[in-house]
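*Asks:* can't give you the sequence, but here's the structure:
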């Protein structure tokens, strides 16, 4: 999506009706909303979501859209701690039919071509990759063979695992940084500098992997990043 389309999209707010909430693990929840028929985006992009059913201090938060445009819902998945922010408390209060507003989706975090691509997820950073995987499966155009997903989760709930295991995407589940870097290095060796790298997870993880890739002479233009800022 071009810069101008992004700019237009971010200023257009849509009301989304809440459908249901699912608990993925002890601290991870998925929220499903109705999708307008004409709404489209590139799998991996994020939206700006606004709480409207009550007044709170910070009413707008960005979330990766975890569903693909080929699905009939808008899905977001987020971690919620025992002492959640006002925003996340408000999310938990949603009942079927209540509305939330969304601007976008926007951003450059999506697959653009058929290049060999390594998707690197840390914890809740799996959310944009769920959308990408669903899109690839729906398109079924052979690109899936060029894509590998590395999923690091030291606490090992591996959300979406059942869904991911039912796809034809090559997914490797990891529990340590050492294992992760070993897989990254193997991909670099196999694809030289032709590969594209998509990293989503905590800020520290994204920065560490980005530096590792640059130290291995991966061009900056081949690295896409999406940092997640916490679970409040």
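*Replies:* Structure's in. What do you need? Predicted, not measured: the structure shown is a model, and the values here were computed from it. Residues are numbered from 1 along each chain as shown.

*Asks:* Please state the offset of the lengthiest strand in the chain from the chain centre?
*Replies:* The longest strand of the chain (DSSP state E) is strand 13-23. On the basis of Cα atoms, centre = their mean, to the nearest Å, strand 13-23 sits 17 Å off its chain's mean C-alpha point.

*Asks:* just stretch 160-179 next, same as before
*Replies:* 15 Å.

*Asks:* thinking residue 220 is in contact with residue 214, fair?
*Replies:* Yes. The criterion here is Cβ atoms under 8 Å, and residue 220 meets it with residue 214 at 7.1 Å. Using the backbone N, CA and C atoms, a C-beta is placed for each residue, glycine as well.

*Asks:* Between these two, which is the more surrounded one?
*Replies:* When residue 220 and residue 214 are compared for neighbours, residue 214 comes out ahead with 12 against 8, by other Cβ atoms under 10 Å.

*Asks:* And the host helix or strand of that one, what does it pack against?
*Replies:* Using DSSP states H and E, residue 214 sits within helix 203-215. Packing contacts for helix 203-215, counted by 3 or more Cβ pairs under 8 Å, 6 or more residues apart in numbering; DSSP states H and E, involve strand 117-122, helix 177-191, strand 196-202, strand 223-228.

*Asks:* again, 10 Å this time
*Replies:* Where contact means 3 or more Cβ pairs under 10 Å, 6 or more residues apart in numbering; DSSP states H and E, helix 203-215 is packed against strand 117-122, strand 147-152, helix 177-191, strand 196-202, strand 223-228.

*Asks:* mean confidence for it?
*Replies:* If you average the pLDDT over helix 203-215, you get 96.

*Asks:* Now do the helix or strand that comes right after the longest strand of the chain against strand 13-23, angle only.
*Replies:* As assigned by DSSP H and E, the chain's next helix or strand after strand 13-23 is strand 28-34. Strand 28-34 runs at 140 degrees relative to strand 13-23, counting by axes from the mean of the first three to the mean of the last three Cα atoms, to 10 degrees.

*Asks:* Give me the mean pLDDT for the helix or strand following strand 28-34.
*Replies:* Sequence-wise, the next helix or strand downstream of strand 28-34 (DSSP H and E) is strand 46-51. The average pLDDT for strand 46-51 rounds to 96.

*Asks:* Please apply the same query to stretch 64-79.
*Replies:* Rounded mean pLDDT across stretch 64-79 is 96.

*Asks:* circling back: same for the longest strand of the chain, what does it pack against?
*Replies:* Packing partners of strand 13-23 (3+ Cβ pairs under 10 Å, 6+ apart): strand 28-34, strand 46-51, strand 73-79, helix 86-93, strand 99-106.

*Asks:* Given it, what are its sheet partners and their directions?
*Replies:* Strand 13-23 sits in its sheet next to strand 28-34 (antiparallel), strand 99-106 (antiparallel), going by DSSP bridges.
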